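*Asks:* need coordinates for the following:
(chains A and B)
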Amino acid sequence: GQQLNQSPQSMFIQEGEDVSMNCTSSSIFNTWLWYKQDPGEGPVLLIALYKAGELTSNGRLTAQFGITRKDSFLNISASIPSDVGIYFCAGPTTSGTYKYIFGTGTRLKVLA
Amino acid sequence: GAVVSQHPSWVICKSGTSVKIECRSLDFQATTMFWYRQFPKQSLMLMATSNEGSKATYEQGVEKDKFLINHASLTLSTLTVTSAHPEDSSFYICSASPGQFNSPLHFGNGTRLTVT
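*Replies:* This is a model prediction of the structure:
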């Protein structure tokens, strides 16, 4: 079945540094979503991408829809302590039913 | 916009009892809602797709008699964990989308279930 692999699994960075993470799949996706989850809460939508090559920003966050449609990237610039959390990518399955699968997640820790 | 409310946020119950979790879309109508389960330090695992006015579609390996889903209206879906056991302890999260296919999902804040 379709799977989404995220890397890195976890990262520790210093406050102020930039962060890059990616999400890859063996199959094509038509939509890429990026979410952030804080401990004990539901995921919050950060950015939605709908077109190959699309580059979209949301404040200090920038995400790109890969040209091959099999990957997506999320960058965070000038990280701050509240960026701590787990970042998930997600995409709709192409199996004919409307449902989303989630990536394995990237756990981010920011050191002040 | 696109607010999803989930209740309760946490519940502790005794083994053998049933627990109902509610998921409401507050400012939009949702013909489809999704229920996910999340174990500590793991990703979200889709349990079932809840369809208004019809039966839910369960993912492979999810017991439909164990996890009863009712989508009684366009703004409410409920998940009932029947005869709960300690292994059912987990974080349950619902989600919905105000749009059509490919529209982003918006999530509730989750329910932490602990079965003693």
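*Asks:* name the next helix or strand following the worst-scoring helix or strand of chain A on mean pLDDT along the chain.
*Replies:* For chain A, scoring each helix and strand by mean pLDDT, DSSP states H and E identifies strand A:100-102 as the least confident one, at a mean of 91. Using DSSP states H and E, the next helix or strand after strand A:100-102 towards the C-terminus is strand A:106-111.
*Asks:* now the closest residue to chain B within chain A: how far from B:His71?
*Replies:* Nearest residue of chain A to chain B, counting by Cβ to the nearest Cβ: A:Gly42, 3.5 Å away. Every residue, glycine included, has its C-beta placed from N, CA and C. For A:Gly42, the distance to B:His71 equals 19 Å [Cβ to Cβ, to the nearest Å].
*Asks:* okay, now the residue in chain B positioned nearest to chain A: neighbour count?
*Replies:* Distances between chain B and chain A by Cβ to the nearest Cβ are smallest at B:Phe107, namely 3.5 Å. B:Phe107: 23 surrounding residues under other Cβ atoms under 10 Å in any protein chain shown.
*Asks:* ok, it - contacts?
*Replies:* Going by Cβ atoms under 8 Å, 6 or more residues apart in numbering or on different chains, B:Phe107 touches A:35, A:42-44, B:4, B:93-95.
*Asks:* residues from chain A in reach of chain B?
*Replies:* Proximity of chain A to chain B (Cβ under 8 Å from any Cβ of the partner chain) is limited to residues A:30-31, A:33, A:35, A:40-45, A:48, A:50, A:88, A:90, A:92, A:97-105, A:107.
*Asks:* selecting buried members of the residues you listed in ChimeraX, what would you type?
*Replies:* Remark: buried members of those, expressed as a ChimeraX selection using 16 or more other Cβ atoms under 10 Å in any protein chain shown:
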select /A:31,33,35,41,42,43,45,48,88,90,92,98,100,101,102,103,104,105,107
